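[1] My questions concern the predicted model and sequence given below.
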Amino acid sequence: MTDGPAPIGAPSAGAAPRDPSAAPAVGLADAIDALLPQTQCTKCGFDGCRPYAEAIAGGQAQIDRCPPGGAAGIARLASLLGRPELPLNPECGAESPRRVAWIDPALCIGCTKCIQACPVDAILGARRRMHTVAASLCTGCDLCVAPCPVDCIAMLPLPEAVAGWSDGDALAARSRHRARGLRLAREHQHRQQRLAARGSAAQPQADPAQDAQARKRAVIEAAMRRARERLERSPR
């Protein structure tokens with residue numbers, strides 16, 4: 001990085017180290033998240049880039065857990081936070097060139113499991129129809145590979161000329177990931193509303209004729225009760 005003002009969130013000279021037990025600062029988590037590649041691959045052990053950023057900001061995670069970001073990403077995080085650079089944690093995987101998912105059209109059965117797994121909605125298709133990957137949208141997370149029941153998905157390397165992953169690519173991927181989250185939340189809400197409506201419709205509805213008969217019986221029983229009370233009070 002070029003010389004300039006101290007990075008956002010970097011400790012000033014003589015400042016006490018950040019308390020790991022303190023709640024993560026939203027601004028710091030935002031700054032960290034802006035440096036992550038937004039592949040949403042979960043290889044860091046967290047459910048996406050944003051949770052990982054919040055864990056780093058709160059002192060619950062190191063900066064060495066992002067294989068897609070690799071050594072360059074670790075260096076950027078170290079500069080931001082004023083920490084020493086670390087080697088990539090091998091438990092999280094190895095740094096490798098960017099790859100994209102490819103679906104074999106001869107084997108795809110249209111089960112939609114890959115569509116459900118893709119964190120950025122980069123797979124197109126419908127149930128019982130062949131699926132295809134929009135290579136320009138794919139982050140290379142490979143989360144779609146394991147759920148495929150027929151092993152028709154392969155991760156293919158990109159030509160060197162288009163294999164780079166820029167901050168602009170990361171920004172677009174973050175936007176698609178957030179849009180997907182909102183879509184899933186809406187679909188869940190609509191599903192709950194439909195279930196609630198279906199449950200209400202299944203409740204037995206009152207019969208107006210039966211209600212009228214019940215009211216008549218109540219009136220007659222009340223009248224007979226009053227008559228008995230009068231007879232009991234009358235002198236014999």
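    Sure, I can see it.
[2] drop to CA atoms for contacts and neighbour counts, all remaining ones
    Noted.
[3] Wait, A101 touches M155, no?
    Yes - under the criterion of Cα atoms under 8 Å, A101 makes contact with M155 at 4.5 Å.
[4] Of these two, give the one with the bigger neighbour count.
    Using other Cα atoms under 10 Å as the criterion, A101 and M155 rank with A101 on top: 23 against 16.
[5] who touches both of A101 and M155?
    Common contact partners of A101 and M155 (Cα atoms under 8 Å, 6 or more residues apart in numbering): G140, D142.
[6] residue boundaries of the strands in the chain?
    Here the chain has its strands, by DSSP state E, at 99-103, 123-124, 132-133, 153-157.
[7] Which residue ranges make up each domain of this structure?
    Segmentation of the chain into domains, based on automatic domain parsing, reads 26-92, 97-200.
[8] Out of the ones you listed, which is closest to Q213?
    domain 97-200 (25.3 Å; Cα to Cα).
[9] for that closest one, the distance to its chain's centre please.
    With Cα atoms, centre = their mean, to the nearest Å as the basis, domain 97-200 stands 12 Å off its chain's centre.
[10] mean confidence for it?
    Averaged over domain 97-200, pLDDT sits at 93.
[11] how long is that domain end to end?
    54 Å (Cα to Cα, to the nearest Å).
[12] Repeat that for stretch 120-130.
    End-to-end distance for stretch 120-130: 19 Å, by Cα to Cα.
[13] roughly how far apart are the most centrally placed residue in the chain and A173?
    Nearest to the mean C-alpha position of the chain, by Cα atoms, centre = their mean, lies G181 at 5.1 Å. G181 sits 12 Å away from A173, going by Cα to Cα.
[14] Need the overlap of contacts for those two.
    Residues touching both G181 and A173 (Cα under 8 Å, 6+ apart): none.
[15] Now do the buried residues in whichever helix in the chain runs longest.
    Counting residues, the longest helix found in the chain (DSSP state H) is helix 167-202. Going by neighbour count (16 or more other Cα atoms under 10 Å), the buried part of helix 167-202 is D169, A170, L171, A173, R174, R176, H177, R180.
[16] Can you lay out those residues as TSV showing distance to A61?
    As requested, these are exported to TSV (distance: Cα to Cα, whole Å):
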residue	distance to A61
D169	25
A170	21
L171	23
A173	23
R174	21
R176	25
H177	22
R180	26
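[17] Closest to P159 out of those?
    Here the nearest of the buried residues of helix 167-202 to P159, counting by Cα to Cα, is D169; it sits at 16.5 Å.
[18] so what's the closest residue to D151 other than its chain neighbours up against?
    Of all residues not flanking D151 in the chain, V145 sits nearest, at 7.2 Å (Cα to Cα, 6 or more residues apart in numbering). When contacts are counted by Cα under 8 Å, 6+ apart, V145 touches C114, D151, I153, A154.
[19] so what's the backbone phi/psi at the second one?
    If I follow you right, that is D151. Main-chain torsions, D151, degrees, to the nearest 10: phi 50, psi 50.
[20] gap between it and A57?
    Relative to A57, and taking Cα to Cα, D151 is found at 38 Å.
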